[in-house]
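*Asks:* mind folding the following:
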Amino acid sequence: MHCGLTLSSTNHIGINTKAPHMNIENYQLYVPESAQVGKPVGKIKANDEDLGVNADIKYTIINSEGANTFTISTDRDTREGVIGLKK
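*Replies:* Sure, this is the predicted structure:
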């Protein structure tokens, strides 16, 4: 299955001048059949060179099939996207 992903950053206060970007253009994730639902199965990383809250990154799965199978959340400490298995 191929899943699409979008990145966004939110301008809270001030100027959000730099868009987030991925260091790797395409991530490949292999999920074993033994993976547990609700547990992390992978991580991705994007960078935003803005400062403070303007550097916050939100990861979203945009492919409907992928969104039905996986979850993604942002780790506040590492700013990585943590991919979990939904079903």
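
*Asks:* how about the helices in this structure?
*Replies:* In the chain, the segments counted as helices under DSSP state H are 64-69.

*Asks:* what about the strands in this structure?
*Replies:* 5-8, 21-22, 40-47, 58-61, 70-74, 80-85 (DSSP state E).

*Asks:* weakest of those by average pLDDT?
*Replies:* Mean pLDDT values for the strands of the chain show the minimum at strand 5-8, a mean of 48.

*Asks:* out of the strands of the chain, flag the one nearest Y30.
*Replies:* strand 40-47 (8.6 Å; Cβ to Cβ). No exception for glycine: its C-beta is placed from N, CA and C like everyone else's.

*Asks:* and the closest one with strand 80-85, angle?
*Replies:* On the basis of axes from the mean of the first three to the mean of the last three Cα atoms, to 10 degrees, strand 40-47 is oriented at 150 degrees to strand 80-85.

*Asks:* counting contacts, what elements does strand 40-47 pack onto?
*Replies:* strand 21-22, strand 80-85 (3 or more Cβ pairs under 8 Å, 6 or more residues apart in numbering; DSSP states H and E).
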